[in-house]
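Q: Give me the fold of what follows.
(4 chains)
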There are 4 protein chains.
Amino acid sequence: MAAKIKSALLGASGYSGLELTRILERHPRLEKPVLLRREGGSEGPADLAEIFPELSGNGGYPLRALSWPELKRQGVELLFLATPHEASRSLVPEAIAQGLRVIDLSGAWRLKQEQHRAIYSFQDADAITAAELTEKAVYGLPELNGDCIAKAQLVANPGCYATSVILALAPLLKSDLIDRGRGIISDSKSGVSGAGKAATSRTLFVSVADNFSAYAVFNHRHLGEMVEQMGLDDTELTFTPHLLPIPRGILSTIYVQLKRPMKPAEVESCLRDFYADRHWVRIFATPQLPQLQFSLHTNYCDLGFCLAEDGRRLVLVSCVDNLLKGAAGQAVQNMNLMYGWEEREGLQ
Amino acid sequence: MAAKIKSALLGASGYSGLELTRILERHPRLEKPVLLRREGGSEGPADLAEIFPELSGNGGYPLRALSWPELKRQGVELLFLATPHEASRSLVPEAIAQGLRVIDLSGAWRLKQEQHRAIYSFQDADAITAAELTEKAVYGLPELNGDCIAKAQLVANPGCYATSVILALAPLLKSDLIDRGRGIISDSKSGVSGAGKAATSRTLFVSVADNFSAYAVFNHRHLGEMVEQMGLDDTELTFTPHLLPIPRGILSTIYVQLKRPMKPAEVESCLRDFYADRHWVRIFATPQLPQLQFSLHTNYCDLGFCLAEDGRRLVLVSCVDNLLKGAAGQAVQNMNLMYGWEEREGLQ
Amino acid sequence: MAAKIKSALLGASGYSGLELTRILERHPRLEKPVLLRREGGSEGPADLAEIFPELSGNGGYPLRALSWPELKRQGVELLFLATPHEASRSLVPEAIAQGLRVIDLSGAWRLKQEQHRAIYSFQDADAITAAELTEKAVYGLPELNGDCIAKAQLVANPGCYATSVILALAPLLKSDLIDRGRGIISDSKSGVSGAGKAATSRTLFVSVADNFSAYAVFNHRHLGEMVEQMGLDDTELTFTPHLLPIPRGILSTIYVQLKRPMKPAEVESCLRDFYADRHWVRIFATPQLPQLQFSLHTNYCDLGFCLAEDGRRLVLVSCVDNLLKGAAGQAVQNMNLMYGWEEREGLQ
Amino acid sequence: MAAKIKSALLGASGYSGLELTRILERHPRLEKPVLLRREGGSEGPADLAEIFPELSGNGGYPLRALSWPELKRQGVELLFLATPHEASRSLVPEAIAQGLRVIDLSGAWRLKQEQHRAIYSFQDADAITAAELTEKAVYGLPELNGDCIAKAQLVANPGCYATSVILALAPLLKSDLIDRGRGIISDSKSGVSGAGKAATSRTLFVSVADNFSAYAVFNHRHLGEMVEQMGLDDTELTFTPHLLPIPRGILSTIYVQLKRPMKPAEVESCLRDFYADRHWVRIFATPQLPQLQFSLHTNYCDLGFCLAEDGRRLVLVSCVDNLLKGAAGQAVQNMNLMYGWEEREGLQ
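A: Numbering: from 1, shown residues only, chains lettered A, B, ... in the order given. Below you'll find the model as predicted:
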């Protein structure tokens, strides 16, 4: 086996960062990853197990201050960023300038079109470099953009909602089976870890438990990447996210009108053919539907569907674990493609 | 104040039955209700507190075997049925023949059109009487059918999902603002008590907790009453129920296309005007949306909406407590109308 | 019926405050309560329904700045404080000086012994008045201190954990049946609302869901009031609170050694006799035990027990809704006693 | 590396069985395990993924009817039983007669003393063989009985509650630090999967959610194995199990009186020294306590403690995942010892 790769991770203290740490440290192609914190000096916890006591007893997870020369000295060639988008926006130009390959889990580099980027209000120090990197960045959905990811220096790891929606619709859109003029609707539901680890009154236990609510209707940050990646007009997709009283997982219920009456077997074939060689998408045969629980703690995106008797109204159901296929798992899947490894490596 | 009315309830041992028992015993216009069990003889528990220990300490809830002569002797004039639809289908003809007024919480008498009734596979002993009662039964949605309910001998209390969907759409349909040809979609989510109290592997804690799933897509029993009551063609409404990991409550996210571009204020007016005199529907002004939690343990149906910038794509959000406005509370609201009482009586 | 009483409430924006608001506005002996906020001027929300949208549609809950002259002008004679203990410590002397009767839900005035008060680090502006009020304050556990409460000007409403523990042990301690030298243990479990509404990482949904933990072992603030009220030495009671992944409710499992072997019927009699005339304590006969759910949304304290075959080892189970019998409900029960009303008035 | 071992598993359709299947199929020392069902013929599902759709997409999990000759033909040498105790009681004699080594996850073979076995009401076809096997069976707690397990033909895998309690107390009992005469109390709380997969009204979502309850006080099946393994008299241990509204995990809060006043550092040393060479027990230094969540989805038993200021009253907190360290994980740990492999093999 070839020599192991050295990687580093900034942002291990978040929910996705924790998952990523766990996967990276067991990945057979990697040396133990360097865990970074942004703050210089001696501030902050010295070990990730101080933040996540569940990591105790495995030899320690030291956190080191980010230093480009030090990363170079250690032979790090790949950097994962599980940081807020503002941080990613300012760190990625530096990292790329250092010659590192970067997989960024934030929304900083996903959007190609300016009208979609507006929602993030980026403040770039160097607008020209930012524009170049925006151009260069590859949207890291392995099942769609595998070839580009393999060669990418900067991978923009997709949003969790976007992953669940795009993977469900891509086969049908590619085959031009959807009557886009009738509109596409994704009614999506996410567990609370999707909202991040900051303490807000909205994500308190008492606010979420025994509750359910819609939010950011017509206005969610992931909407832009969905329409860009699927080549839709902005008004063709209606996306409604909801907050589920569970820690993790996303289920999207997606409504489309088909251009012509189809049979369930045809729809199933369309999905199966599209993902024939891909390990991390599972197709459920009608009438069985995936449940959110099936994909938890895995890197799978599970897809199922129901077709009305009229053969035109199609309901798709798509499930992912927002922290894995929707974040850390997909980042590792992207790494596997970037280094030419089998795409399930380290993810089972 | 006029003399109090005598009522009886069959089916108090279910989730809705328990709620109904609690409301009826505190209702200022009623004497303590007679609680019935179907089995004759001395079988079964003698007191409802044996089934629901939370009822202890309030003087007892004796369960008596159903006997028409005995009900007459006690002066009972109103019967609530919180029984499975098969039981309601066979008991209602008897009760009506006895001269009782009946509020039935099951799906037995809600459907006027035969093609929608098929899903229930009713086995009527006397088809002619059944047809007459089907004709006579009033669909008990007080905000829409108040006049008929006032005079009804048999009220078919609506399904919980149907209540949430119809109340959201009725104002817009009445004003002919919806482009029905584009299809109406209700993506509805319900707590587990909606599935009843029978022990099934699907409703076990471990099956539901940390999970979320769609079920009965294109095929749910409440679909028929929705299209009948809203005057839609069967293909105009797509209804997808989901199971939420919470004990109670329904939130429906409803998608329609408006016939002409509207402004949020117009939509809000349409809703407010329609429910101007009704206590049990609350309208939330955009951008505030109702959350499922707001209506729990109340008889409210909470309605809110978001309108896309194009002024055409409208998302409605509708919340009810499935055991109250979706069942027991609505039954009492119906009773209030049947007896000419204020509709919030006993429900606060 | 006598004229209705005017009351005011400061602190309605917390979980207990919301419950208290709901009870007070429906209490048959009270006019609609005046809701106060501490901040002067026009800051903060003008109506409680802005904080709790579930209150919409009931005519408004205006919040007014606290002003002693204004309260006097309105004829308010009773003040409820659902404020943090620091606020209660400074406000109560003012309120008492105004001639108001006060029911304080915080820990500010519960403790008689200085060594127990230390944990709160009170900063009194006027130490002499504070000492006098400490002396004067009545610990508001209605089942034990009814006579004193009736005459009290200042009632210190008990802690939620303390309520569950003291009510379970009082009958046995009173009858001197417990071998105190062997130690008394209360292993108590509380829903998350007991931790208050502040956004902390500890009370986030993801921190609490699918989790369970002990905290503040040997060190909880309610320990002092328990030993004081039960007349125990500090080392005779071991109290371990835990955080349950539910919004509300407390269950305490309490372990004692009896001085002599007893029979279950004797234990049951001891409990029943002690609470013979009290509505808000329910005794469950062995082998039936109360479950936390039974007392939710009620003002009951539910008590049950199991006795070992040796007749000496006794396990008591005690359940309360921490926001009702453990806070707002008990406050109203205290008010009922203070005004000579029936103790269940307004609480059913 | 040596040739891989062939194993078989009966009972994969339960919660523990599913976990065991997942571990065994990835264990580096094993060939893919043979999954068995008890029923002969063609009844029942042909593949475990029909029961657990989350297993889809991994090449199939065929279920075969149990046949001793067939197992022999395939070279199976180790049999896991995740069956009800009645089934284990009748199958183990057959399996042992076939020369298989057996790890039984039920309570069938854990108890040495007849008075403790009574609670199971075993009906043995061959009482002599049953007595011999009872004698021969090794209680499979690897941290205590490692040497015997290495040589065992029949390992009785411990109960989940028993694992959490015994591992917490063993170091202190071994060092004779506990005043047993004062009694030992374990107040234990378990997630719902501990109650198994059968559909009962007690384990329905609506029965468990927002609830908490004690059960089987003084009367739980695991009590016998605890006192036997710890060498206690029956009256020295009080054990109260509770049902937590979470899918999995156990936290035991254990109360003991020390024989002499100790310091926290001494208690910590006692625990650390006892488990110095063991990977699967983690000690938390006071004041940090383990939370149930830390050990979920791992094979760890996490131990922590608080010592009162008097140095005598000690509260221990012990957490395990009931399906892993409390069942399937421990079974694999036992297998590792039986075959001389490193005890963390296959479990990380």
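Q: Surely A:Ala331 is within a helix?
A: Yes: counting by DSSP: H, G, I helix; E, B strand; the rest coil, A:Ala331 is found in a helix.
Q: Look up how far chain D lies from it.
A: The gap separating A:Ala331 from chain D is 20 Å, by Cβ to the nearest Cβ, to the nearest Å. For the C-beta atoms, the positions are set from N, CA and C on the backbone; glycine is no exception.
Q: who touches the residue in the stretch 151-300 of chain A positioned nearest to chain D in this structure?
A: Closest to chain D within the stretch 151-300 of chain A is A:Phe294: 4.0 Å, counting by Cβ to the nearest Cβ. Counting by Cβ atoms under 8 Å, 6 or more residues apart in numbering or on different chains, A:Phe294 touches A:Tyr300, A:Asp302, A:Cys319, D:Pro53, D:Glu54, D:Ser56.
Q: And those, which two are furthest apart?
A: A:Cys319 and D:Ser56 (12.0 Å; Cβ to Cβ).
Q: more crowded one of those two?
A: Per other Cβ atoms under 10 Å in any protein chain shown, whichever of A:Cys319 and D:Ser56 has more neighbours is A:Cys319, with 30 against 20.
Q: does the more buried one really touch A:Leu289, like I thought?
A: No: applying Cβ atoms under 8 Å as the test, A:Cys319 and A:Leu289 come out as separate, 9.1 Å apart.
Q: Contact residues of the stretch 1-150 of chain A facing chain D?
A: Taking Cβ under 8 Å from any Cβ of the partner chain as the measure of proximity, the stretch 1-150 of chain A contacts chain D at A:Arg26, A:Pro53, A:Glu54, A:Ser56, A:Gly57.
Q: 6 Å instead?
A: Counting by Cβ under 6 Å from any Cβ of the partner chain, the positions of the stretch 1-150 of chain A adjacent to chain D are A:Pro53, A:Glu54, A:Ser56, A:Gly57.
Q: could those residues go into CSV alongside pLDDT?
A: Output for the residues of the stretch 1-150 of chain A next to chain D, formatted as CSV (pLDDT from 0 to 100):
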residue, pLDDT
A:Pro53, 95
A:Glu54, 94
A:Ser56, 90
A:Gly57, 83
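Q: so how many other residues sit close to the residue nearest to A:Arg64 when sequence neighbours are not counted?
A: Nearest residue to A:Arg64, sequence neighbours excluded (Cβ to Cβ, 6 or more residues apart in numbering or on different chains): A:Leu36, at 5.8 Å. By other Cβ under 10 Å, the residues close to A:Leu36 number 23.
Q: Give me the neighbour count for A:Arg272.
A: There are 14 residues near A:Arg272, going by other Cβ under 10 Å.
Q: Can you list the buried residues in the helix or strand it falls within?
A: Element membership for A:Arg272 (DSSP states H and E) is helix A:264-274. Neighbour counts over helix A:264-274 (16 or more other Cβ atoms under 10 Å in any protein chain shown) mark A:Glu266, A:Val267, A:Glu268, A:Cys270, A:Leu271, A:Phe274 as buried.
Q: Could you do stretch A:284-292 as well?
A: For stretch A:284-292, the neighbour count (16+ other Cβ under 10 Å) marks A:Phe284, A:Leu289, A:Pro290, A:Gln291, A:Leu292 as buried.
Q: Would the lengthiest helix in chain A count as contacting chain B?
A: Longest helix of chain A, by residue count under DSSP state H: helix A:160-174. No: judged by Cβ under 6 Å from any Cβ, helix A:160-174 and chain B are separated, with a smallest distance of 12.3 Å.
Q: And chain B, is the next helix or strand after that helix touching that?
A: Following helix A:160-174 in sequence order, the next helix or strand is strand A:184-190 (DSSP H and E). Yes: using Cβ under 6 Å from any Cβ, strand A:184-190 reaches chain B at A:Ile185, A:Asp187, A:Lys189.
Q: near chain D, which residues of the stretch 201-348 of chain A?
A: Residues of the stretch 201-348 of chain A lying near chain D (Cβ under 6 Å from any Cβ): A:Arg282, A:Phe294.
Q: What is the neighbour count of A:Gly59?
A: For A:Gly59, using other Cβ under 10 Å, the count is 10.
Q: Using the record's assignment, carve chain A into domains.
A: A:7-157+A:327-338, A:160-320 (automatic domain parsing).
Q: quick one, which of those domains is nearest to B:Gln348?
A: Here domain A:160-320 is closest among the domains of chain A (Cβ to Cβ), at 21.3 Å.
Q: wait, which of the buried residues of helix A:264-274 is closest to chain B?
A: Among the buried residues of helix A:264-274, and counting by Cβ to the nearest Cβ, the member closest to chain B is A:Val267, at 13.3 Å.
Q: Let me see the contact set for that closest one.
A: A:Phe305, A:Leu307 (Cβ atoms under 6 Å, 6 or more residues apart in numbering or on different chains).
Q: can you list the residues of the stretch 151-300 of chain A near chain B?
A: So the stretch 151-300 of chain A meets chain B at A:185, A:187, A:189, A:210-214, A:217-218, A:235, A:238, A:240, A:244-246, A:251, A:253, A:255, A:289, A:291-293 (Cβ under 6 Å from any Cβ).
Q: need the strands for chain A, in chain order.
A: A:7-10, A:34-37, A:63-65, A:78-81, A:101-104, A:138-139, A:154-156, A:184-190, A:213-214, A:237-243, A:250-257, A:281-283, A:301-307, A:313-320 (DSSP state E).
Q: Just send those strands back as TSV, with mean pLDDT and distance to B:Ala198 too.
A: Below are the strands of chain A laid out as TSV (pLDDT from 0 to 100; distance: least, Cβ to Cβ, whole Å):
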stretch	mean pLDDT	distance to B:Ala198
strand A:7-10	98	49
strand A:34-37	95	50
strand A:63-65	94	52
strand A:78-81	98	49
strand A:101-104	98	49
strand A:138-139	98	47
strand A:154-156	98	49
strand A:184-190	98	26
strand A:213-214	98	29
strand A:237-243	98	28
strand A:250-257	98	25
strand A:281-283	97	31
strand A:301-307	98	25
strand A:313-320	98	25
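Q: can you list the ones you listed in TSV and add distance to B:Gln330?
A: Converted to TSV, those look like this (distance: least, Cβ to Cβ, whole Å):
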stretch	distance to B:Gln330
strand A:7-10	54
strand A:34-37	56
strand A:63-65	57
strand A:78-81	52
strand A:101-104	51
strand A:138-139	49
strand A:154-156	50
strand A:184-190	26
strand A:213-214	23
strand A:237-243	25
strand A:250-257	27
strand A:281-283	41
strand A:301-307	29
strand A:313-320	28
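Q: C:Met335: which of the ones you listed is closest?
A: Comparing the strands of chain A under Cβ to Cβ, the one sitting nearest is strand A:213-214, at 35.1 Å.
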